[in-house]
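1. All I have is the shape, not the residue letters:
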């Protein structure tokens, strides 16, 4: 059993988590906080996400693809559209890209390429995502290459 | 060789090679060889006449022969069908038995009369070319007819011998008649080929249709697999994620470990529910779901099912009313386990999709399965809630696999999205129907289903037989 007691420090970075399954969101938060020293904002509310991005309070996002309760401009919005929206918003208001990790239970052949291309996200994780260190590694990668 | 080329011409230019085929209906010459086909038939006829050296002299000979041959036709018909009878397979395809044979003998005499008509035009060829269509349709193979035509040939030779003792006169007629029989045989073979091509074309269309249906079925299976994979991965994420957090020593306290273990447990229960639903729907769709129909007391089913959702309803502050308790209910013919599954499914849905108000259960006898009036009686169950309701246009759809009102609600509300699809199939297998309405106040949802009532005459005895439960006779 490897110890994750001293992972690379994520210097005061905050991760935006958009995930409609409460237990999965809880796992992401715990994994990122405990194994990576990240802070997390968990929300399914688009205006709140945009405000967080605009204020520069989040530096990276983990998005689920199938979102049940999330609406934008009166219509349901999924993680793919949301990724594009958040990227645009970050570019317009912060002048720099928001790295995005898509995490989804869509795991059939071709899903990865299709969803990455459609969303403009930077990386892709197939559920089940259960290794905290792996998730932290992915996020650090995104932050370092951004 | 020449006739082969013509055959090709007919096939290539036949309707359907380019355009959508108007399926030829053999039986009337216009249908099978109409329009351009008529021209091709005409040219085939001319070509055959040239090839056989068939002239007006031959036509005249045959016209002269006609009156003298007429008397031999009945005997010809007898011999012809005696020959067919020798081949059990050929004889079997004549569906109408002896009556049909008698009629066919008349037809054969007509055909023989035509041989000596002296007019061998397109119309003649059209009539002759129907033979193949008729035979292909009933499945009579060409070889039997060709051998029967041999009978015609030898019998007519014998007739000519009787009619014309002088050999040069006889030979002249025999020669003309021989050409004519060759022409007829060729026309017949040509029509066999044409009918076969048409048959093949129809078969081809059937195959293409089957192919399209298979592709669609395969697409549905793929979709099912993708959904299944998606639904299983979500609870697995929590099970694996939380247990790994604990194993990695990332919990702060024993209390937190306990909390995560409870999350693992509830996710695993959720996963089990999905796995069971998938097994059920797979079994149902493979027709491998076997129901054990017996006389079931609905009171017992209601009383044992309602408590299963009572806790959850109470924790959400919902009232749970059982209005079926007011009167005695007749026994129903059902699989008790599956009936309970359907009821539990509808009750769980109602509780799940209702955030405040109540869930109400009713049951009562009706003379319809809910769709059409029936001679037998049904017990109609209703589960009504004051929840989010279902839009009109979604009322049919929610009974399909993996559909919730908002397709992505599955995880918000839990469940596999298969519950109603399974319930519908189970109810239908028990002889009832299931449907969905708005709640009585115009909001919420009312799901109803019907199960056949055990006929009154059997009610008493079945109630007695039920007491020692699940005996061999009871659970056949």
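-> Right, received. Where do you want to start? For clarity, every value in this text was computed on a predicted model and none was experimentally measured.

2. only C-alpha atoms for contact and neighbour calcs from this point on.
-> Fine.

3. Can you tell me the SS state at the residue most central in space within chain A?
-> The centroid of chain A falls nearest to residue A:62 when counting by C-alpha atoms, centre = their mean (0.9 Å). Put simply, residue A:62 is strand when judged by DSSP: H, G, I helix; E, B strand; the rest coil.

4. for residue B:289, same thing?
-> coil.

5. distance of the residue nearest to the centre of chain A from chain B?
-> 15 Å (C-alpha to the nearest C-alpha, to the nearest Å).

6. State the mean pLDDT of stretch B:165-182.
-> Throughout stretch B:165-182, pLDDT has a mean value of 91.

7. starting at the chain centroid, how far to that stretch?
-> Relative to its chain's centre, stretch B:165-182 lies at 56 Å (C-alpha atoms, centre = their mean, to the nearest Å).

8. if we look at it, which residues are touching it?
-> Residues from elsewhere that reach stretch B:165-182 (C-alpha atoms under 8 Å, 6 or more residues apart in numbering or on different chains): B:52-54, B:58-59, B:61-62, B:65, B:115, B:153, B:157, B:160-161, B:164.

9. Give the buried subset of these as a PyMOL selection command.
-> Only the buried members of the contacts of stretch B:165-182 end up in this PyMOL selection, burial being decided by 16 or more other C-alpha atoms under 10 Å in any protein chain shown:
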select buried, chain B and resi 54+58+59+61+62+65+115+153+157+160
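
10. Next to chain B, which bits of chain A? Give me the list.
-> Proximity of chain A to chain B, by C-alpha under 8 Å from any C-alpha of the partner chain, involves residues A:1-4, A:20-21, A:23-24, A:27, A:31, A:34-35, A:66-69, A:105-108, A:127-132.

11. quick revisit: looking at the contacts of stretch B:165-182, spot the one nearest chain A.
-> Using C-alpha to the nearest C-alpha, residue B:52 is the member of the contacts of stretch B:165-182 that sits closest to chain A, with 66.8 Å.

12. And for that closest one, nearest residue in space, chain neighbours not counted?
-> Counting by C-alpha to C-alpha, 6 or more residues apart in numbering or on different chains, residue B:179 is the residue found nearest to residue B:52 once chain neighbours are left out, at 6.2 Å.

13. What segments of chain A are helices?
-> With DSSP state H as the criterion, chain A has helices at A:22-36, A:46-54, A:79-94, A:111-119, A:132-145.

14. Please identify which residue in the stretch 251-400 of chain B comes closest to chain A.
-> For the stretch 251-400 of chain B, C-alpha to the nearest C-alpha, closest residue to chain A: residue B:263, 7.4 Å.

15. buried ones in the helix or strand that contains that residue?
-> When elements are assigned from DSSP states H and E, residue B:263 belongs to helix B:254-285. Within helix B:254-285, the residues that count as buried by 16+ other C-alpha under 10 Å are B:257, B:260-261, B:263-264, B:267-268, B:270-271, B:273-274, B:277-278, B:280-281, B:284.

16. what's the farthest-apart pair in those?
-> Using C-alpha to C-alpha, the buried residues of helix B:254-285 reach their maximum pairwise distance at B:257 and B:284, which is 40.2 Å.

17. burial of residue B:220, as a residue count?
-> Counted with other C-alpha atoms under 10 Å in any protein chain shown, the neighbours of residue B:220 add up to 12.

18. where are the low-confidence patches of chain A?
-> Chain A contains residues with pLDDT under 70 at A:1-11.

19. Dump the contacts of stretch B:165-182 to JSON lines, plus secondary structure.
-> What follows is the contacts of stretch B:165-182, written out as JSON lines (three-state DSSP):
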{"residue": "B:52", "secondary structure": "helix"}
{"residue": "B:53", "secondary structure": "coil"}
{"residue": "B:54", "secondary structure": "coil"}
{"residue": "B:58", "secondary structure": "helix"}
{"residue": "B:59", "secondary structure": "helix"}
{"residue": "B:61", "secondary structure": "helix"}
{"residue": "B:62", "secondary structure": "helix"}
{"residue": "B:65", "secondary structure": "helix"}
{"residue": "B:115", "secondary structure": "helix"}
{"residue": "B:153", "secondary structure": "helix"}
{"residue": "B:157", "secondary structure": "helix"}
{"residue": "B:160", "secondary structure": "helix"}
{"residue": "B:161", "secondary structure": "helix"}
{"residue": "B:164", "secondary structure": "coil"}
